[in-house]
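Engineer: The following comprises the amino acid sequence and a computationally predicted model.
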Amino acid sequence: MPDASGNPAPAYTSVNFIQNTVYLGWLIRGVHFWGANLLIIMVILHMARVYWTGSYRAPRELNWMVGVLMLLIVLVFSLTGYLLPWDTKAYFATEVTIKIAGSAPPPQLGALIKDILQGGTVVGPPTLLPPELGRLGQSLQLDAAGKAPSAVIRVRARVAGPDVASNRREPEK
């Protein structure tokens, strides 16, 4: 994590310390890495299943939109997590990502997106600070903001499981 002045050197130092000095640090970092990749795979598989089975239709349209939003949040966290060690691989992956985002049409919009993501005119310490603060400060709020509406929607629509139709009672006359 960068220090208060935005210097990224402590980010690489802390990852190196965890990887090489902390007891089983390499294992914890590996589990984190593979867990994040598995999360992306599982979210995409879940979204594909929901789409293929038509579970995004009424009364679940809003739930589908919340799920798409959560997929995007997971992808953004994965992308920002990739740059946090601030090693050579993270630096050049960030360069490529920013260039892709900066190629959005029209050129003025692409240039604006590029400047915002870089935190300035070049990739450097200002590029690292916003994703780190976002991951630390917003991850729990975004997680709750995504899951709470989904749960409320399922309860209100009584679509808590695949066999809901068989569990519904007929209204008494």
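Structural biologist: Everything's here; your move.

Engineer: most centrally placed residue in the chain?
Structural biologist: In the chain, the residue lying closest to the centroid (C-alpha atoms, centre = their mean) is Val74, at 2.3 Å.

Engineer: ok, now which ones touch that one?
Structural biologist: Residues in contact with Val74, defined by C-beta atoms under 8 Å, 6 or more residues apart in numbering, are Leu39, Ile40, Val43. All C-beta atoms are positioned from the backbone trio N, CA, C, and that covers glycine.

Engineer: which other helices and strands contact the helix or strand where Gln19 lies?
Structural biologist: Taking DSSP states H and E as the definition, Gln19 sits inside helix 9-20. Applying 3 or more C-beta pairs under 8 Å, 6 or more residues apart in numbering; DSSP states H and E, one finds that helix 9-20 makes contact with helix 25-52.

Engineer: List the buried residues in the helix it packs on.
Structural biologist: Within helix 25-52, the residues scored as buried using 16 or more other C-beta atoms under 10 Å are Val43, Met47, Val50.

Engineer: still on that earlier bit, if I take the helix holding Gln19 and helix 25-52, what angle do their directions form?
Structural biologist: Angle of helix 9-20 versus helix 25-52, following axes from the mean of the first three to the mean of the last three C-alpha atoms, to 10 degrees, is 100 degrees.
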